[in-house]
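Undergrad: Predicted coordinates and the sequence they were generated for:
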Amino acid sequence: MDRNTTSNDYAKRLDIAGIDGCVRGFSGFISCAPRTLEVRNEEHEVHTACRACIANCGVIATVKNGRVVALRGDPVDPMSKGKLCDKGLSGINALYHPNRNKYPLLRVGERGSGEWKRTTWDNAVDIVARRLMEIREKYGAECVFGSTGGGGNPEVWSCARFCNIFGTPNWFEPGSAQCYLPRVLATTMMYGGMDSSIADSNCLEFYDTESTPLKTLVLWGTDPSYSCPASGGRMVNELRMKGVKTVAVDPRFTPDAAKADVWLPVRPGSDVALLMAWIRYILVNKLYDEDFVLRWTNLPYLVDCETRFVIHPDGSTSALVWDKKTNSAKTLSYPWDDALEPELFGEHVIDGKLYKTGAQLLFERVEEFTLERAAELCLLDPADIEKAIRLYAENTPSSLCLGVATDQGINSEQAAMAAVTLDLLMGNVEKPGAAMQRFRISGVLKSPNYPVPVALKCLPEEQFLKRLGGREHKGLSIWYGGHAASILNAILTGEPYQPRAWIDRSGNKFGVLAEVGKWEEACRKLDFIVHIFTYPTSMTAYADVVLPTEEWLETEMVVETCNMCVARQQCDHVFETRDEGVIWADIARRCGELGHEMCRKAFDPGFMGDDLAYWSSMEEFFDQITPAQGVTWKEYCAKAPFEFLPKDEWKSYYVYLTPDKDGIPQGFPTPSRKCEVYCDAYIKLGRTGEPFMPYPMPPADADYEPLPYYAEPTESPLDNELVERFPLVMTGGRLPMYHHSTLRNMPGMRGTAPVPELWICPEDAEKYGVRSGEWVWVESARGRTRARALVTKAIRPGTVYMERFWYPETLDTPTHGWKESNVNVLTRSGPPFNDVVGTHVLRGFLVRVYPAESAPEGIYTAPEDFSGWLENGKGRRT
Amino acid sequence: MKQLAFIFDADRCIGCRACRAACSLAHGDPPGVSRIKTYTMGPVGTFPCLSMYFLTVVCQQCADPACAAACPTGACFKSEADGVVRIDASRCVGCGACAGACPYGAIDVCGSRAFKCDLCAGDSPACVSVCPGEALRVADVSEADEHARTLRDDGGVGPSGRFILRGAEWIDELPAEFEKKLREGRYDE
């Protein structure tokens, strides 16, 4: 293909118009000339790592004459082992997509009119910094809020860092409380090591498929075949092939459900009732690991029933237990006392006060959840539930991997707590075959998963205390973040103050935020909106400034994959795109020049210390990171991928048994050094923000519960009145070709899945007059949208499923691509929220479905429709 | 006689369609063309006792290929040496007769040419190396498990591709036809 050919397109006009030339339409900054490349007659391979989703699968990119021409999996990658998926393979198309954001753009017409002016980076950064500074001066820095996301943004903390330095406590990520954070929080509070999320690249123990002794794997609300085919999907498949039994808990009959030994098609939103039944069954039938539970959890500890706190007579690691030998309360010093025989279940009155053991309180909490009760609530067969529990509890070692499903309803934190409880009861901790581990790390990642330090110390206390939703939902502070629904509410009501500016680095917030119609209303109330992304999305339509970022084949990042250090390396670079790590730094620098003292100090290495001074280039940043492995960034790249430890040394089992400096087992990183199944730390978190908040916050309205509880979904099919209007329960879930709101502009993906499907079972389809392949309206109390029906038994009766979607092809229309077929028009952003982390409802709400007269206007469905999204019309029919 | 073909292990396929993406990328095919297709065989049964598996179908390298018989220009032919059915692009006029004749939907026509699996011209096929489930391999059919099946053969073309399935009950229908019928609610169990 002749790369120097310039077709009749926008970029050519841009080149003529140059800086300050004006264009019209979102498809305006779109079509473009292929970049003119210097011709280098050479071909080389780059070992890099994919970032089309949140996995980091190893990739070998072939670069020919400066252009990426081929991608293949890197066989040395310990998680993907040379495999890739549809998403990763789209990388070249994504990089050279004609519809990239290529230059900084300023809006010149009305918002949404799509009239833009190209500008320089210096000018764009200056404009952004000036507007943010004006708002800060006039209304306070808290009136600026940030957001991130966009398909597993590898620099999620970059936004948090900028906000802390700028002085606003308000940034959010639409995932967090709705994705992964509840599980991270529960695992951190109750155990202190890594969580069991396969899709978040954990469960590293299982990637050594040959040697792990795992016998039963429970996939609860997760389907690795769809969410991460090349890494987790591949791994689970290998385990299955070698005889590992699996249980799938999912209202959808996914590939992993189809291959499972037991499938439990749970009613969406009722998961905690089922988890409680598992806990009850394991307690009643004494299937738990008694030795581990007694010695290494706090379940034998006595709890003061009035204060609800565990009694620690001499500091946090000692505890009061009921000694069966002497029939009296005794102090158990950490870690154990052979002279004592602590009772597990029991209650006692001591000096007129009632005490119960943690295990007793746990049992009382789950007591009503018999198999029959759970079957009734979750719409399952009690015999199937029992079969699943028996597999998990008897065919051991086993592990329970909890996916995103339970993060998307108001019972989110409690689901995570109940799941962690199960693995702790079974002693599935730090032993071979367990998901929860603390394997050794390379030291290059100082913050969780991403290396950019959040610089929390830069946010003054009085600003921190203004965090919207922060007081009520203190669990969010484990990721230093704010509460999206509270920010939305503040914009719409002006209470407790009026946010004014939004700076967003992500894909399409209009594809992923709940009840997104309200966000359109919110945008009208904002003075200034910046969108930072790789290509235009619905979000761009509401922006005043657009800043172009790099695709993953252009970016650089340190990546740690099991026992290997990997480098995402720049393989090519197009137009004027910039790494967001540099964009945030540039805006901070300009704010400093305009008089923002903290933004100035953020460039001072002495002041920033471990939080690192801001940088001018990513190399400058990484050069402060890779010395943990004794190399510069350039040396690291040359060496990567490399093992930072041999596999056997890296896999550190039984970390809790290794002696500390006093020669006693070090235990777990919790206050009591035991696994805290009765987790009174939640009460403390709700009252003060400890241990995550840098400054104490006033208590939440009600105490957080130290044990899981079941909450029926707010919109419940058990509510007879509501069900008359909206009789079906909506759920969500992944498809293998999309990640969050990304990749809807990829011809390959859209060829396979051009529009979102509404899955409905044959009985419900008949009842509501729905025919397979025809368009339907899907309506909730918040709005309606369209999808194409798929009548299938793969969704449980009474439930429907729809994937998130938006149409890049209708950005130039009044819908801006997000209104036609978007399940997030229907989701709930309002209260009630999960108490601890503030989750709103993305799954498990009520809808009705009825035939639509037609498909949405202007959408692409035929393969040839997509040919304009290939570079230079490559592959266009001749 | 040597007969190369795909041996597909349905128990290993997780339905991710990476094979299709890798194939399109390796060949630089236009949108809508796919030389490899994954069909969802199910779910069938009575909820919640359901069964579902995936079948990934490429050219079946038939003993008596209908495509070659239908080809008016002689572009489509079966090679003696390895039993592989090939299309000589220089002689192909894109009339679509081969695609119409193939019972397995393994040939797509776009513009003035027909596209089908060429086993990546002898290199390790892109679909095989990318497959997360390691469900695909190319071998002489004599190497296939004796219990491996072939696709339904109403026209007596003698498909060579082999399919391994232990985890579900085999549905003896042409995959594309089955999938369509099931989606449209016309499949009678």
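TA: Noted; the coordinates are in hand.

Undergrad: use CA for all of it now, contacts and neighbours both
TA: Will do.

Undergrad: For the closest residue to residue A:224 other than its chain neighbours, the count of nearby residues, please.
TA: Counting by CA to CA, 6 or more residues apart in numbering or on different chains, residue A:224 lies nearest to residue A:233, which is 4.3 Å off, once chain neighbours are set aside. Residue A:233: 24 surrounding residues under other CA atoms under 10 Å in any protein chain shown.

Undergrad: residues in contact with residue A:233?
TA: Listed by CA atoms under 8 Å, 6 or more residues apart in numbering or on different chains, the contact partners of residue A:233 are A:223, A:224, A:225, A:226, A:227, B:14, B:132, B:133.

Undergrad: wait, doesn't the fifth one sit right on residue A:735?
TA: What that stands for is residue A:227. Yes. In this structure, residue A:227 is within contact of residue A:735 by CA atoms under 8 Å, at 6.9 Å.

Undergrad: Between the two, which is the more surrounded one?
TA: Taking other CA under 10 Å, residue A:227 and residue A:735 do not tie; residue A:227 has more neighbours (26 against 18).

Undergrad: Against residue A:814, how distant is residue A:519?
TA: For residue A:519, the distance to residue A:814 equals 15 Å [CA to CA, to the nearest Å].

Undergrad: whoops, I mixed them up, residue A:112
TA: Taking CA to CA, one finds residue A:112 at 8 Å from residue A:814.

Undergrad: Tell me which of the two has more neighbours.
TA: Using other CA under 10 Å, the more surrounded residue of residue A:112 and residue A:814 is residue A:112, with 22 against 12.

Undergrad: residues in contact with the nearest residue in space to the more buried one that is not next to it in sequence?
TA: Of all residues not flanking residue A:112 in the chain, residue A:541 sits nearest, at 4.7 Å (CA to CA, 6+ apart). Going by CA under 8 Å, 6+ apart, residue A:541 touches A:26, A:111, A:112, A:113, A:114, A:811, A:816.

Undergrad: Show me which pair in these is furthest apart.
TA: Among those, the pair separated by the greatest distance (CA to CA) is A:111 and A:811, at 12.9 Å.

Undergrad: if we can go back for a sec, mind listing which of the contacts of residue A:233 are in strands?
TA: Judged by DSSP state E, strands contain none of those.

Undergrad: So which residues make contact with stretch A:246-259?
TA: Contacts with stretch A:246-259, where a contact means CA under 8 Å, 6+ apart, come from A:216-226, A:240, A:260-268, A:388, A:793-796, A:799, A:801, B:14-15, B:43, B:50-53, B:167.

Undergrad: Get me the contact residues on chain B for chain A.
TA: Applying CA under 8 Å from any CA of the partner chain, we find that chain B lies next to chain A at B:12, B:14-18, B:20-22, B:25-26, B:28-32, B:43-44, B:47-48, B:50-53, B:110-112, B:129-133, B:167, B:183-185.

Undergrad: got the domain boundaries for chain A?
TA: As given by automatic domain parsing, the domain ranges for chain A are A:194-437+A:672-688, A:720-827+A:844-869.

Undergrad: Now do the end-to-end distance for the last one.
TA: What it means is domain A:720-827+A:844-869. Separation of the first and last residues of domain A:720-827+A:844-869 by CA to CA is 48 Å.

Undergrad: In contact with residue A:358, which residues?
TA: Per CA under 8 Å, 6+ apart, neighbours of residue A:358: A:298, A:299, A:300, A:301, A:302, A:303, A:344, A:345, A:677, A:678.

Undergrad: so which of these are also by chain B?
TA: Within the contacts of residue A:358, nothing lies near chain B by CA under 8 Å from any CA.

Undergrad: Include neighbour count, secondary structure and pLDDT when you put those residues into JSON lines, please.
TA: Shown next, in JSON lines, are the contacts of residue A:358 (neighbours: other CA atoms under 10 Å in any protein chain shown; DSSP: H, G, I helix; E, B strand; the rest coil; pLDDT from 0 to 100):
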{"residue": "A:298", "neighbour count": "26", "secondary structure": "coil", "pLDDT": "98"}
{"residue": "A:299", "neighbour count": "29", "secondary structure": "coil", "pLDDT": "98"}
{"residue": "A:300", "neighbour count": "26", "secondary structure": "coil", "pLDDT": "98"}
{"residue": "A:301", "neighbour count": "30", "secondary structure": "strand", "pLDDT": "98"}
{"residue": "A:302", "neighbour count": "33", "secondary structure": "strand", "pLDDT": "98"}
{"residue": "A:303", "neighbour count": "28", "secondary structure": "strand", "pLDDT": "98"}
{"residue": "A:344", "neighbour count": "23", "secondary structure": "coil", "pLDDT": "98"}
{"residue": "A:345", "neighbour count": "18", "secondary structure": "coil", "pLDDT": "98"}
{"residue": "A:677", "neighbour count": "27", "secondary structure": "coil", "pLDDT": "98"}
{"residue": "A:678", "neighbour count": "29", "secondary structure": "coil", "pLDDT": "98"}
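
Undergrad: per-residue confidence for residue A:39?
TA: Confidence at residue A:39, expressed as pLDDT, is 54.

Undergrad: actually residue A:480, sorry about that
TA: 89.

Undergrad: so where do the strands sit in chain B?
TA: B:4-9, B:37-46, B:49-57, B:76-78, B:85-87, B:108-110, B:113-115, B:136-140, B:162-164.

Undergrad: in chain B, which segments are predicted with low confidence?
TA: Residue ranges of chain B with pLDDT under 70: none are present.

Undergrad: give me the residue from it nearest chain A.
TA: residue B:30 (4.1 Å; CA to the nearest CA).

Undergrad: pretty sure residue B:43 contacts residue A:796?
TA: No. Residue B:43 is not in contact with residue A:796 according to CA under 8 Å; the separation is 11.8 Å.

Undergrad: The two: which is more packed in?
TA: residue A:796 (25 against 20).

Undergrad: Tell me where the stretch 51-200 of chain A has helices.
TA: A:86-89, A:91-95, A:121-139, A:156-166, A:181-190 (DSSP state H, counting those that start in this stretch).

Undergrad: okay if I get the ones you listed as a markdown table plus mean pLDDT, mean neighbour count and distance to chain B?
TA: Supplementary listing: the helices of the stretch 51-200 of chain A in a markdown table, determined by pLDDT from 0 to 100; neighbours: other CA atoms under 10 Å in any protein chain shown; distance: least, CA to the nearest CA, whole Å:
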| stretch | mean pLDDT | mean neighbour count | distance to chain B |
| --- | --- | --- | --- |
| helix A:86-89 | 96 | 25 | 5 |
| helix A:91-95 | 95 | 22 | 9 |
| helix A:121-139 | 98 | 17 | 34 |
| helix A:156-166 | 96 | 26 | 27 |
| helix A:181-190 | 98 | 25 | 26 |
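
Undergrad: All set, thanks.
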